[in-house]
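S.K.: Dropping the sequence and predicted coords here.
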Amino acid sequence: EAGVAQSPRYKIIEKRQSVAFWCNPISGHATLYWYQQILGQGPKLLIQFQNNGVVDDSQLPKDRFSAERLKGVDSTLKIQPAKLEDSAVYLCASSLGQQNTEAFFGQGTRLTVV
Amino acid sequence: KQEVTQIPAALSVPEGENLVLNCSFTDSAIYNLQWFRQDPGKGLTSLLLIQSSQREQTSGRLNASLDKSSGRSTLYIAASQPGDSATYLCAVDKGNNDMRFGAGTRLTVKP
């Protein structure tokens, strides 16, 4: 079974530039998450999708971050414009969406804003 | 608001020791708790998931316990090996598959 795929693995951009990350969840997984993990901290939920609908985006900085999940499968996360403090690993995860089911994570995209 | 705390932040043990990692959470109304492992530069790997109705789960040398009423979970690792070196994270699901993570415990097992 293929895992959660993310691209790119690494990205370096200058502040005020824009960047986009892509995630392909495990086939059949209804729930998709984007997390931000700053060095030395645990992952922080940015947005959670159930199929192509948003369940929770309360911690997404909506002035600069946006995310979409077209057709309830792949998802993209965009930052525009980036700030230095956005430097982090962006993790995508998916789960079946039923209660008490495990979440599976991708390798993450390490973003460095200079 | 759910707060998840993991103690200690870092732990170093000699190979072969048994060890316990701790996770505490402020809101006992959870659906489940999940323990993950994270290797440097990698994503998270699920180790164990304990449902709110369960007290413990075991997988090989790992045993996770859950005490909802006191807001605590422990991850017990038996006979630690250098390959167990990683950061261990706990996450609580407060419902609707909404997971909240602790900051993790960075474990080093010395040969």
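M.R.: Now that the structure is in, tell me what you want to look at.
S.K.: now the strands for the chain?
M.R.: Picking chain A for this. Using DSSP state E, the strands assigned to chain A run over residues A:5-7, A:10-13, A:19-24, A:31-37, A:44-50, A:53-56, A:65-69, A:75-79, A:88-95, A:104-105, A:109-113.
S.K.: Sorry, I should have been clearer: chain B.
M.R.: According to DSSP E, the strands that chain B contains are B:4-7, B:10-14, B:19-25, B:32-38, B:44-51, B:56-59, B:62-67, B:72-77, B:86-93, B:99-101, B:105-110.
S.K.: Which of the ones you listed comes out lowest on mean pLDDT?
M.R.: The weakest mean pLDDT among the strands of chain B belongs to strand B:99-101, with a mean of 90.
S.K.: What parts of chain A come near chain B?
M.R.: A:4, A:6, A:31, A:33, A:35, A:40-45, A:48, A:50, A:55-56, A:91, A:93, A:95, A:97, A:99-108, A:110 (CB under 8 Å from any CB of the partner chain). For glycine as for every other residue, the C-beta is placed from the backbone atoms N, C-alpha and C.
S.K.: Compute the distance between the residue of chain A at minimum distance from chain B and A:Ser18, please.
M.R.: When distances are taken as CB to the nearest CB, chain A reaches nearest to chain B at A:Gly42, 3.5 Å away. Here the criterion is CB to CB, to the nearest Å. By it, A:Gly42 lies 27 Å from A:Ser18.
S.K.: wait, what's in contact with B:Ile77?
M.R.: B:Asn18, B:Leu19, B:Val20, B:Leu21, B:Arg61, B:Leu62, B:Asp84, B:Leu107 (CB atoms under 8 Å, 6 or more residues apart in numbering or on different chains).
S.K.: Pick out the residue closest to the middle of chain A.
M.R.: A:Trp34 (2.9 Å; CA atoms, centre = their mean).
S.K.: Could you check how many residues crowd around the closest residue in space to that one that isn't next to it in sequence?
M.R.: Using CB to CB, 6 or more residues apart in numbering or on different chains and skipping the chain neighbours, the partner closest in space to A:Trp34 is A:Leu46 (4.5 Å). Look at A:Leu46: counted by other CB atoms under 10 Å in any protein chain shown, it has 20 neighbours.
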